[in-house]
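Asks: Okay, sequence plus prediction incoming.
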Amino acid sequence: MPDPHGTRDCVVALDVGGTGMKGALLDRALTPLAVLRRPTPRRDGPGVVVAAITGALRDLAAQAADRHLTARHAGTVVPGTVDEEAGRAVYSANIGWSDLPLAALLRDASDLPVTLGHDVRAGGLAECRTGAARGARDALFVPVGTGISAAVLCEGRVVRGLGYAGELGHAVVEPDGDPCACGGRGCLETVASAAAIEAAYAARSGRAVDGAAGVARLVARGDPVAVAVWDRAVDALAAALATFTTLLAPGLIVVGGGLAQAGGLLLDPLRAHLGERLTFQRRPEVVRAELGDEAGCLGAGILAWQAAGVEPAFREPAFREPVTAGSAAP
Ligand SMILES: [Zn+2]
């Protein structure tokens, strides 16, 4: 049935992570009309992952049809190096594909128009449009989790660099430091990722710990080894952010990912360490991300609406993490 106001229109949005997929049907205000969660079968190889993505897209499209909704377009975001313009998944160590024409494969297999995006750049786009960086023109979105990546918003545009932009996790912070999975040495990721923090605590204390969150709890209790590990990670992050700030002068740095759940325990010393490292530079505000792990899926929805030639009309953010004491903007 024709719908001149587009109120029965939606897009299919899918965020493919290393462990799980988050999908949704989103209306123009990015309100979820249906959601989908399922594992990413990465251990079974890239072919099985592509089939699983296709299955998720088709299932969401079928849910749209059941509800008499018109799925205008699909946005799929994936990790690794992604060339959005060419629709290619260039490389992902996590999923194991390389130089895959993923957008075309998904279009052919799902019968949907599919736009391919990068998970972190899409998440950054969502934070810029409807999250912590609303209205910003120059900002950096840094999810700190198992790894560290970044989305660079420069003069209102998300910088892509043929898919290679934003690899803050591989900025060198300790030139003689530990080897990194990328082949380099002393990358930020080897010091400040959640995995590195957990490993450093275990190595220095000789005790196992329940992830970076476990180290954070020990920091709060004053455990001296945890405090030393945490401080080293925060200072390394501040060093990388200071270099970025010198180059691109963001007004705002939005910290997300699992580590941001530590709130003020992370952000307060990060602001202090960054402040100490800056002299004449524009001083960015450092805030916590607002969209949590839904940012990638919302970003996929924004990409899909834009590909359909429609600008999403935001009301309140569709998903928002509760703001707790110590985690809000300063
Ligand atoms: Zn590296």
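Replies: Now that the structure is in, tell me what you want to look at.

Asks: Touching, G169 and L188? I think so.
Replies: Yes - the pair G169 and L188 qualifies as a contact (C-beta atoms under 8 Å) at a distance of 5.3 Å. To be clear about C-beta, it is placed using only N, CA and C from the backbone, and glycine gets the same treatment.

Asks: can you give me the helices in the protein?
Replies: Chain-ordered helices for the chain, with DSSP state H as the definition, fall at 46-66, 102-110, 119-130, 189-192, 194-205, 211-220, 224-248, 264-277, 295-307.

Asks: who wins for proximity to P284 among the ones you listed?
Replies: When those are compared by C-beta to C-beta, helix 224-248 sits nearest P284, at 5.8 Å.

Asks: Nearest to the ion: which residue in the stretch 201-330 of the chain?
Replies: Closest contact between the stretch 201-330 of the chain and the ion, by C-beta to the ion, is at A240 (11.7 Å).

Asks: got the contact list for that residue?
Replies: Counting by C-beta atoms under 8 Å, 6 or more residues apart in numbering, A240 touches 168, 171, 173, 188, 192.

Asks: Quick check: residues of the stretch 201-330 of the chain near the ion?
Replies: Nowhere does the stretch 201-330 of the chain come near the ion, counting by C-beta under 5 Å from the ion.

Asks: hang on, the earlier thing: between G169 and L188, which one's more packed in?
Replies: Of the pair G169 and L188, L188 is the one with more neighbours under other C-beta atoms under 10 Å, namely 29 against 24.

Asks: what stretches of this structure score poorly on pLDDT?
Replies: Using pLDDT under 70 as the threshold, the predicted model of the chain has low-confidence ranges 1-7, 315-330.

Asks: And the residue nearest the centre of it?
Replies: Averaging the C-alpha coordinates of the chain gives a centre point, and the residue nearest to it by C-alpha atoms, centre = their mean is V120 (3.3 Å).

Asks: how close does the nearest residue in space to it that is not next to it in sequence get to G124?
Replies: With C-beta to C-beta, 6 or more residues apart in numbering as the criterion, V120 has its nearest non-adjacent residue at 4.4 Å, and that residue is S149. Here the criterion is C-beta to C-beta, to the nearest Å. By it, S149 lies 9 Å from G124.

Asks: higher neighbour count, the two?
Replies: For S149 against G124, the residue with the higher neighbour count under other C-beta under 10 Å is G124, and the figures read 32 against 24.

Asks: hang on, the earlier thing: mind putting the helices of the chain into JSON lines with distance to G20?
Replies: Shown next, in JSON lines, are these (distance: least, C-beta to C-beta, whole Å):
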{"stretch": "helix 46-66", "distance to G20": "11"}
{"stretch": "helix 102-110", "distance to G20": "18"}
{"stretch": "helix 119-130", "distance to G20": "12"}
{"stretch": "helix 189-192", "distance to G20": "21"}
{"stretch": "helix 194-205", "distance to G20": "17"}
{"stretch": "helix 211-220", "distance to G20": "17"}
{"stretch": "helix 224-248", "distance to G20": "26"}
{"stretch": "helix 264-277", "distance to G20": "24"}
{"stretch": "helix 295-307", "distance to G20": "11"}
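
Asks: Neighbours of A34, how many?
Replies: Around A34 sit 17 other residues, with neighbours defined as other C-beta under 10 Å.

Asks: Not counting sequence-adjacent ones, nearest residue to H273?
Replies: Once chain neighbours are set aside, the closest to H273 by C-beta to C-beta, 6+ apart is A238, at 3.5 Å.

Asks: bridging residues for R38?
Replies: Residues found in beta-bridge contact with R38 (criterion: DSSP bridges) are M21.

Asks: got any residues that touch both of G169 and L188?
Replies: Common contacts of G169 and L188, defined by C-beta under 8 Å, 6+ apart, comprise I148.

Asks: Angles on the backbone of T279, please.
Replies: Phi and psi for T279, reported as degrees, to the nearest 10, are phi -120, psi -80.

Asks: Quick check, T81 in contact with N94.
Replies: No - between T81 and N94 there is no contact, the gap being 11.3 Å when judged by C-beta under 8 Å.

Asks: More neighbours: which of these two?
Replies: Neighbours were counted for T81 and for N94 using other C-beta under 10 Å; T81 has more, 20 against 16.
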